[in-house]
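Q: 3D model of this:
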Amino acid sequence: MAEREVLEELGFTQREIKVYLAMLELGSSTVGPIAARSGLQHSKVYETLDKLMKKGLASYVVVSKTKHFQASDPKEILNLMDERKRRFNEVLEDLERRQKAARSKQIAVVHEGFKAYKAMFNRIIDELGPKDYYWAFAFRQEYYNPSASLFLRGVHEKLGEKKMEDRLLGHMSMKKMIKKAFAGNRNIEIRFTKNETPLGTLVLKGRVIPMLWGDNPTAIEIISDQVHEQYKRFFRQLWEDAGE
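A: Residues are numbered from 1 along each chain as shown. Sure thing, here's the model as predicted:
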């Protein structure tokens, strides 16, 4: 029956539904007829009546020392729903705060070794879209390393294929070498600063990735909105003051 399905969707148990509907059909009644109509044992009916009364959906009167139970007006269910909604709204802010706190948790993942390093970059490039950005504080001596230079050039070429914002901020002392490393790449924007910068550090949406090359390339992927925003502001400030 439709009413049974609706009541179940509202959170009523099968026993509560059977007893409540039995009372609606019987009117004021003792436990015996309610048990017979609902198909439940007397003890289960008493337990269920107690729950319904706590919800305000049943009441009783004593006639000749015997309890006669009756169902509350079905419209009381609407009041019950309103009360549940009100109580939920009281804790909603706290639930949202818990969710926000979980999202803002900082996670650091270490990618060690060339294969892990490469896999990280492949994943990042796949995840990034045209509306995203890839900002990088440039390496220094690594551009003199043929394998490192070739790898980094390949990364920026893939970014160019996706036509996304690609910025590289390098130290003025490396201007000649960096320009040589990325010659021909029309997508990448490169600027140079006299200020000291974090070397080989990526600034992406929601994360910052400091990198080391050397014999065992290693990247530390810091997933943190807070850290990302700090690096993003720092990069933008240096970028605006830097020259080409």
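Q: so what touches stretch 128-140?
A: Stretch 128-140 is touched from outside by 148, 152, 159, 162-171, 173-174, 178, 197-205, 211, 213, 232, 235, 239, with contacts defined as Cβ atoms under 8 Å, 6 or more residues apart in numbering. Just so you know, the C-beta spots here come from the backbone N, C-alpha and C atoms, and that holds for glycine as well.
Q: what do you get if the cut-off is 7 Å, keeping everything else the same?
A: 159, 162-171, 174, 178, 197-205, 213, 235 (Cβ atoms under 7 Å, 6 or more residues apart in numbering).
Q: for stretch 81-93, same thing?
A: L10.
Q: for that stretch, give the mean pLDDT please.
A: Throughout stretch 81-93, pLDDT has a mean value of 86.
Q: and if you look at stretch 38-50?
A: pLDDT averaged over stretch 38-50 gives 90.
Q: roughly how far is it from the heart of the chain?
A: Distance of stretch 38-50 from the chain centroid (Cα atoms, centre = their mean, to the nearest Å) equals 44 Å.
Q: swap in stretch 181-201?
A: That offset, for stretch 181-201, works out to 33 Å (Cα atoms, centre = their mean).
Q: just to revisit the earlier point, among the contacts of stretch 128-140, name the buried ones.
A: 159, 164, 166-171, 174, 178, 197-204, 213, 235 (16 or more other Cβ atoms under 10 Å).
Q: flag every buried residue along the helix or strand that contains E5.
A: Assessed by DSSP states H and E, E5 sits inside helix 2-9. Neighbour-count burial for helix 2-9 flags L7 (criterion: 16+ other Cβ under 10 Å).
Q: so after the lengthiest helix in the chain, what's the next helix or strand?
A: Scanning the chain for the helix with the most residues, using DSSP state H, yields helix 76-103. Later in the chain than helix 76-103, the nearest helix or strand by DSSP H and E is strand 107-112.
Q: pull out the buried residues from the longest helix of the chain.
A: For helix 76-103, by 16+ other Cβ under 10 Å, it's 77, 80.
Q: and the gap between I17 and G56?
A: 16 Å (Cβ to Cβ, to the nearest Å).
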